[in-house]
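Colleague: just a sequence and a predicted model for now, questions to come.
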Amino acid sequence: MDDLNTKTKADHSSNKYKKISSPLEPKSYYDEIITKLHLQARKEYHSTMQASQKQKIEEEEGLHNQTRRRNRILLVDDEHDHCMVYQIVLEGAGYECIPYTDSVKALQEFRPSYYGLVILDIKMPKLDGFALCEKIRELDKTVQIIFITASEGYYENFRKEYYPTLSNDININCLQKPIGNEELIQIVNMTIATTDPT
């Protein structure tokens, strides 16, 4: 009887090595490796997708910022009424306008690579349009600049004396008042279209 019990126990204990794994038991060593590889591949895939999406978002934001810059106009005219009229007309055409009636303050708060266009009155106290233009050019080499004046003398001075010193600067123009709303929008549109996108 003791021999039979001993034999049964031995057979019973050896059977555990002959069992075939069932679905309910832990995965085999190779299954675990494959699972880990799948998880790693999935993680890398998602990481790559996230990086790609982030790059796409950054590119879209970059284009958005470039578009916003091109459509942002700095207005500097010591005549409040003129500033207000230009702002209303240009914002009605879809531009974002930041007006100043103080040329010194406009210079102090000027932000390089922020504007697509600067519209300057020439005859202003403290700092006239020519001097302001020179200071702006030291801060921003590419922003478009349009001088605007009602003075025939200032306009002629621009054409004969000031403009020749800027003959290599294709981003500067001069308009003489009075300027109709449609003409102003047309000239601004043409100028903005040549703005450096960077």
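Modeller: Sure thing, it's come through.

Colleague: is it true that Arg68 touches Glu96?
Modeller: Yes - A contact is recorded between Arg68 and Glu96 when judged using C-beta atoms under 8 Å, the distance being 7.3 Å. Yep, even glycine has a C-beta here, placed from its N, CA and C like the rest.

Colleague: give me every residue that touches the nearest residue to Glu109 once chain neighbours are set aside.
Modeller: Residue nearest to Glu109 in three dimensions, not counting chain neighbours: Tyr100, with 7.8 Å by C-beta to C-beta, 6 or more residues apart in numbering. The contact partners of Tyr100, by C-beta atoms under 8 Å, 6 or more residues apart in numbering, come to 74-77, 83, 106, 109.

Colleague: in strands, which of those fall?
Modeller: Restricting the contacts of Tyr100 to those inside strands, with DSSP state E as the criterion, leaves 74-76.

Colleague: what ranges do the helices span in the chain?
Modeller: Secondary structure of the chain, counting by DSSP state H: helices at 2-15, 29-70, 80-92, 103-108, 129-139, 152-157, 163-165, 181-193.

Colleague: buried sites along the fourth one?
Modeller: Read it as helix 103-108. 103, 106-107 (16 or more other C-beta atoms under 10 Å).

Colleague: and the pLDDT at Tyr155?
Modeller: As predicted, Tyr155 sits at a pLDDT of 64.

Colleague: er, Leu120 actually
Modeller: The predicted structure scores Leu120 at 93 on the pLDDT scale.

Colleague: pretty sure it is touching Lys135, no?
Modeller: No - with contacts defined as C-beta under 8 Å, Leu120 does not count as touching Lys135, sitting 10.9 Å away.

Colleague: which residues are in contact with each of those two?
Modeller: Overlap between the neighbourhoods of Leu120 and Lys135 is empty, taking contacts as C-beta under 8 Å, 6+ apart.

Colleague: look at these two and report which has more neighbours.
Modeller: Legend: neighbour count by other C-beta atoms under 10 Å for Leu120 and Lys135, higher for Leu120 (26 against 14).

Colleague: sorry, back to before: most neighbours among the ones in strands among the contacts of Tyr100, which one?
Modeller: Of all those, the most densely surrounded is Val76 (26 neighbours; neighbours counted as other C-beta under 10 Å).

Colleague: how close does that residue get to Ser113?
Modeller: Look at Val76 and Ser113: by C-beta to C-beta, to the nearest Å, they are 18 Å apart.

Colleague: alright, that wraps it up for me.
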